[in-house]
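Asks: Okay, predicted coordinates and the sequence, questions at the end:
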Amino acid sequence: MTEKVKPYKNSDLGKKEQVAKMFDTISNEYDGLNRVISFGIDVSWRKKVVEIIKKTNPSTILDIATGTGDLAIHLAKTNATKIIGLDISEGMLQVGRKKIEVLKLNNTIEMVFGDSENIPFENNSFDAITVAFGVRNFENLDKGLLEIYRVLKPGGTFVVLETSVPTKTPFKQGYNFYSTKILPTIGKLFSKDKVAYKYLSDSAASFPFGDAFNNILLKNGFINVENRPQTFGVASIYIAKK
């Protein structure tokens, strides 16, 4: 396992079960807190992912770790005929289904309960696959990436949006202060799960980013791998092909 941060200490549950439990608990407050914590910048990052995917003219898209469906909903602008949002948190999926119903996107987007490390679809099923802020939650990163490779069509596009750590001064110091002091404090003030937002901060700090994640993608069979740092390096968009 690449990333070893556990959301719940002294738990007998595996990481996968812990992550599902954590997101079930914070599902109703997740969207609002996400906007506050990122100052709304995460919306612009998702729009950039949509722009990348739209250029490939996909008919079928799989959005893994879809959560409440934020990225899946944005991906409807690609004019894909079918978008599947996959997640292990039924609580997050329920919130997403309500949003999709309000937007009348039920015929385009389907929210499916499922595991990124055992994707319930046939080989070569999707023209494009996306993951936004989810790969660091995989229990076994390599296994998850191999599953994504399996269900992606040859020539298909895989795009990951994930947090990263700025490497240049003063952005590095500012990010470290915000992620270790401010973000957990916001979580404690506004979330009923006092551990969740510290986990999100810790997992972001420990996840391999930049060239390290590029190399992991290459190791698992992907080609034409590139990464595009966003907003002084606090996030990155990774693009790869099968």
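Replies: Now that the structure is in, tell me what you want to look at.
Asks: T56 and N79, how far apart?
Replies: When distance is defined by C-beta to C-beta, to the nearest Å, T56 is 12 Å away from N79. No exception for glycine: its C-beta is placed from N, CA and C like everyone else's.
Asks: Looking at the two, which has the bigger crowd around it?
Replies: Between T56 and N79, counted using other C-beta atoms under 10 Å, the more crowded position is T56 (16 against 11).
Asks: show me the contacts for that one.
Replies: Each residue near T56 by C-beta atoms under 8 Å, 6 or more residues apart in numbering is listed here: D127, A128, G156, T157.
Asks: That one looks like it's in a strand, true?
Replies: No - under the criterion used here (DSSP: H, G, I helix; E, B strand; the rest coil), T56 is coil, not part of a strand.
Asks: Could I get the CA-only coordinates of the longest helix along the chain as PDB?
Replies: Across the chain, the longest stretch assigned as helix under DSSP state H is helix 15-38. Below are the C-alpha coordinates for helix 15-38, written out as PDB (Å, rounded to 0.1, in the frame of the first residue of the first chain):
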ATOM      1  CA  LYS A  15      -8.700   1.400   5.300                       C
ATOM      2  CA  LYS A  16     -11.400   0.800   2.800                       C
ATOM      3  CA  GLU A  17     -14.100   0.300   5.400                       C
ATOM      4  CA  GLN A  18     -12.800   3.200   7.500                       C
ATOM      5  CA  VAL A  19     -13.000   5.600   4.500                       C
ATOM      6  CA  ALA A  20     -16.500   4.500   3.600                       C
ATOM      7  CA  LYS A  21     -17.600   5.000   7.200                       C
ATOM      8  CA  MET A  22     -15.900   8.400   7.300                       C
ATOM      9  CA  PHE A  23     -17.600   9.700   4.200                       C
ATOM     10  CA  ASP A  24     -21.000   8.300   5.200                       C
ATOM     11  CA  THR A  25     -20.700  10.300   8.300                       C
ATOM     12  CA  ILE A  26     -19.800  13.600   6.600                       C
ATOM     13  CA  SER A  27     -21.900  13.200   3.400                       C
ATOM     14  CA  ASN A  28     -24.500  15.800   4.100                       C
ATOM     15  CA  GLU A  29     -22.000  18.500   5.000                       C
ATOM     16  CA  TYR A  30     -19.300  17.500   2.500                       C
ATOM     17  CA  ASP A  31     -20.200  19.800  -0.400                       C
ATOM     18  CA  GLY A  32     -20.500  22.900   1.700                       C
ATOM     19  CA  LEU A  33     -17.300  22.400   3.700                       C
ATOM     20  CA  ASN A  34     -15.400  21.500   0.500                       C
ATOM     21  CA  ARG A  35     -16.300  24.900  -1.000                       C
ATOM     22  CA  VAL A  36     -15.100  26.600   2.200                       C
ATOM     23  CA  ILE A  37     -11.900  24.700   2.600                       C
ATOM     24  CA  SER A  38     -10.800  25.200  -1.000                       C
END
